[in-house]
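Novice: 3D model of this:
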Amino acid sequence: MKRRKTTEAEPAPESISQWRRRFALDRRREDREKGKTAALQRKQETFRRKVREADDKKAPVTTRTKGYYPFLREYPENADETGCREINVKKKRTALKVIALVLLAVIAFSAGYILTRGSLLNSREPVEIPGREETEAPAEVSVWRHVSADLLADGDPDAIAAFLDEAGATTAVFPFKDENGYVYFDVGEYHGMSADRLLPYAWDVVERVQEKGYKTAAYICCFQDTVCAWSEPYIAVNRAASEDGAVWSDNAGKSWLNPYSEGARSYLLRLVEKAGEAGFDYIVLDQVAFPTDVGVSQPTYPGEADFTGTRNALLRSFVADAVARAGTAKTALAVKTAGLAPDAPDNAPPYYGHMLGSAAGTLLADARVSVQPKNVTVGNETFLSPDSLPFVFVLAVGDELKSGLERAGAANRPALWVDAGKDLSEALDAARLSGVGTAVVR
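Specialist: Next up, the predicted model:
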C-alpha cells in the first residue's frame, strides 16, 4: 500500500495553567469568604463577652468623636461604653495593607499547589506525589481514533477522514475483530459466525485512508469472544468440571476463549499475522486477560494443569508471540489500571500480576471514565465517581502509568485510552500534562 507522510496533531487549544489557575482562584475565593465570616463572628462574640463582664464605672481612655449607637448595649468592636468610637486612620490603613499582602501570598501559594497536585483534588484519599513541572509534558499529543464498524461498512474514505479530523487524529483504528468476536476483514479463516460481519471491501477502505496521509491500526479483541466460544466450545472457557464442555459466561453475558488452549491462541495469532501482512502500521491487542468475575458458575480452563508457569507468564508469552507474528507492524497492548502497578497481586484477575515490560512496544492504559466502576482505585487514590472528574481521573491514570513504568524499569511507550465527547479536550490536556504522548480516542 502507498502511504503519505503523517501530519502532526495540533496542540491542545486549552491551556492547562489557565484552567488550573481559575480552579484554584475560585476555590480560594470561597474559602476566603467563609474565613471572613467566621472571623467576624468570633470578634463580635469576644467583644460582647467583654462588654458583659466589664465594670460599668470603667471606661477606656481613647480619642473620641461624636457618639453613635448610644441606644445599644452591644455596639461594634471599635466603640466604647459611651457609644464613642476610636479614630486611628493610619493604624487601620497599615492593617489593611498587611491583610492584602497576606491574601496575595496565600492565593499565589494555592495556585501553585493545585497546579502541581491536580490529580489529588476531590479524591477520597489524597497522597503525596512529586511535583510536576510544566516543561516535562510533551508539547502535543498524537491522537488515534477508533472507526466504528458502521463507518467502516459505509466504505467512504472521505467520511472517515472527516471523522478523524474532528478530533485532530493522525491514526485510524479499524475494528479487525470486535469484542463479540466478529471479524470484519477477509483473512481466509473463520470460526463459527465470525464471518457474518465480513466486509469484502474493507481492505480497500484502509488503503484509501492511508493514501490520504493517515496511519492505520487494527484493533483485535483477543480472549473475550462470545461468537467463537459458542461455535467452538472446545477452545473456550468452560463451566465447572461436572458440566464439561458447556460454555461459561461472565456476569455481563460475555464468553471467553481459553488462554491455555493451543487452538484459541493459534486462531488469534493468525489474525495478528494477517493484519501485519496487510500493511497496518499498528496492531492494538485488547483483552489479553482472564475474566474478572465468576458469573453464575465457576470458570474452568482445560489444559491449565499441563502448564507449569503462572497465568501472568501465559499472558506475557502470548504477547511475545503476537509481536513476533505482527511483522513490521508495531504493537500496542491495552491494559486496565489493575495491571499498571509493579506490585500488583499475582492471585487477582485479570492479569494475575502486572503487564509492565511486556513485549508490546506501547502500553495502552484504559482511562475511559465511561467503563469505570464506582469507587475505582488508581494507585493510592480512590475515585467515588470517575465520570464526575474526567480531567483528574485521566491525569491520575497517566501518572500511575508513567510511575509504574519507571519503577519497573520497563521500556514500553505510554499511551492512554480515553473517551470521545464533550470531555475530550480535557482528557487530551490531562494526557499531555502527565507526559503521555499518545491518546487513543473511542
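Novice: right, and Gly379 touches Ala396 too?
Specialist: Yes: using CB atoms under 8 Å, Gly379 is in contact with Ala396, at 7.0 Å. Every C-beta, even on glycine, is put in place using the N, C-alpha and C of the backbone.
Novice: which of the two has more neighbours?
Specialist: Neighbours were tallied for Gly379 and for Ala396 using other CB atoms under 10 Å; the higher tally belongs to Ala396 (28 against 18).
Novice: Now do the helix or strand where the more buried one lies: distance to the chain's middle.
Specialist: Ala396 belongs to helix 390-408 when assigned by DSSP states H and E. Chain-centre distance of helix 390-408: 8 Å, with CA atoms, centre = their mean, to the nearest Å.
Novice: And it, what's buried?
Specialist: Across helix 390-408, burial judged by 16 or more other CB atoms under 10 Å covers 390-405, 408.
Novice: Could you list every helix and strand in contact with it?
Specialist: For helix 390-408, the packing partners by 3 or more CB pairs under 8 Å, 6 or more residues apart in numbering; DSSP states H and E come out as strand 362-366, strand 376-378, strand 381-383, strand 413-418, helix 424-433.
Novice: cutoff 10 Å now
Specialist: Judged by 3 or more CB pairs under 10 Å, 6 or more residues apart in numbering; DSSP states H and E, helix 390-408 is in contact with helix 16-53, strand 362-366, strand 376-378, strand 381-383, strand 413-418, helix 424-433.
Novice: can I get those in CSV with mean pLDDT?
Specialist: Below are these laid out as CSV (pLDDT from 0 to 100):
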stretch, mean pLDDT
helix 16-53, 69
strand 362-366, 97
strand 376-378, 89
strand 381-383, 88
strand 413-418, 96
helix 424-433, 92
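Novice: would you list those in TSV and tack on mean neighbour count?
Specialist: TSV is the format used below for the helices and strands packed on helix 390-408 (neighbours: other CB atoms under 10 Å):
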stretch	mean neighbour count
helix 16-53	13
strand 362-366	23
strand 376-378	21
strand 381-383	19
strand 413-418	24
helix 424-433	24
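Novice: what would the ones you listed look like in a markdown table with distance to Pro175?
Specialist: As requested, the helices and strands packed on helix 390-408 are arranged in a markdown table below (distance: least, CB to CB, whole Å):
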| stretch | distance to Pro175 |
| --- | --- |
| helix 16-53 | 33 |
| strand 362-366 | 16 |
| strand 376-378 | 26 |
| strand 381-383 | 29 |
| strand 413-418 | 15 |
| helix 424-433 | 20 |
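Novice: what about these, which gets the closest to Trp256?
Specialist: strand 362-366 (17.7 Å; CB to CB).
Novice: who's in contact with the nearest residue to Asn251 once chain neighbours are set aside?
Specialist: The shortest distance from Asn251 to any residue other than its chain neighbours is 5.0 Å, reached at Asp293 (CB to CB, 6 or more residues apart in numbering). By CB atoms under 10 Å, 6 or more residues apart in numbering, the contact set of Asp293 is Asp250, Asn251, Ala252, Pro299, Pro349, Pro350.
Novice: same thing with Gly421?
Specialist: So Gly421 contacts Val369, Ser370, Pro390, Ala427, Val441 (CB under 10 Å, 6+ apart).
Novice: burial measure for the second one, as a count.
Specialist: Burial of Ser370, expressed as a neighbour count using other CB under 10 Å, amounts to 13.
Novice: my guess is it contacts Leu424, does it?
Specialist: No: using CB atoms under 10 Å, Ser370 is not in contact with Leu424, being 12.0 Å away.
Novice: Need the residues touching each of the two.
Specialist: Contacts common to Ser370 and Leu424, judged by CB under 10 Å, 6+ apart, are Pro390, Val418.
Novice: Specify the local secondary structure of Ala338.
Specialist: helix (DSSP: H, G, I helix; E, B strand; the rest coil).
Novice: just for the stretch 151-300 of the chain, where's the confidence low?
Specialist: 189-195, 241-245, 296 (pLDDT under 70).
Novice: For it, which segments are assigned as strands?
Specialist: Listed in chain order, the strands of the stretch 151-300 of the chain (DSSP state E, counting those that start in this stretch) span 171-177, 215-221, 282-286.
Novice: Please render those as JSON lines that adds distance to Arg42 and mean neighbour count to the earlier fields.
Specialist: Converted to JSON lines, the strands of the stretch 151-300 of the chain look like this (distance: least, CB to CB, whole Å; neighbours: other CB atoms under 10 Å):
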{"stretch": "strand 171-177", "distance to Arg42": "60", "mean neighbour count": "24"}
{"stretch": "strand 215-221", "distance to Arg42": "62", "mean neighbour count": "24"}
{"stretch": "strand 282-286", "distance to Arg42": "59", "mean neighbour count": "24"}
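Novice: How much space separates Thr362 from Asn312?
Specialist: Going from Thr362 to Asn312 by CB to CB, to the nearest Å gives 19 Å.
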